[in-house]
Structures are given as structure tokens and as C-alpha cells.
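# This is a predicted model, with the sequence first.
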Amino acid sequence: MTSDSTPKTSAEKVRAYRARKRAQGYRLMQRWVPDVESEEFKERARRAALAVASSPGEKEDQAFIDSVSILNEDP
């Protein structure tokens, strides 16, 4: 703890946290990802799923996905 009794601002806390992580050998990485809660994303995902489900190779494609899926592994 520092001898300074004034509370740190959020920005100061974040800056100190990031400095500690950099000192530990980490690098900050930020990414923009699709908003899976948006109606646009849900509609696009629905259309994509329907297209895959109605494709001629659907059964073989699904069999492949099932064979490599971690969800199918026994604990």
C-alpha cells in the first residue's frame, strides 16, 4: 500500500493493473466479436443453419463435426 491516502481513480487503477500484467510478461489484446444477442446476428445464424441443414452433404458434414467435437468425448 502506498503512503498516499487519496483514493486512486479508476483510470489509475487500470493503468497500474496493466503495468503489473506487462511486468509479468503479458500483452493486452482486445477483439471485437459479433453480438450474439442482436437480432441481426440471430437471423443470419438461423439462415446459415437452414442452408447447412438443407445441403446435400449435411449428413456427412454433421458426422464429421460430431467425430471431432469435444462434446462427444467421455469424461
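Everything's here; your move.
# starting at the chain centroid, how far to the helix or strand harbouring residue 66?
Per DSSP states H and E: residue 66 is located in helix 58-68. Per C-alpha atoms, centre = their mean, to the nearest Å, the displacement of helix 58-68 from the mean C-alpha position of its chain is 24 Å.
# ok now do residue 41, which residues does it touch?
34, 35 (C-beta atoms under 8 Å, 6 or more residues apart in numbering). Glycine gets a C-beta too; all of them are placed from N, C-alpha and C.
# State the pLDDT value of it.
Confidence at residue 41, expressed as pLDDT, is 97.
# Closest to the centroid, which residue in the protein?
residue 33 (7.1 Å; C-alpha atoms, centre = their mean).
# can you give me phi and psi for it?
Main-chain torsions, residue 33, degrees, to the nearest 10: phi -130, psi 160.
# and what of residue 41?
phi -60, psi -40.
# how much space is there between the residue nearest to the centre of the chain and residue 41?
Distance of residue 33 to residue 41, given as C-beta to C-beta, to the nearest Å: 10 Å.
# Also residue 34?
The value you get for residue 34 to residue 41, if C-beta to C-beta is used, is 5 Å.
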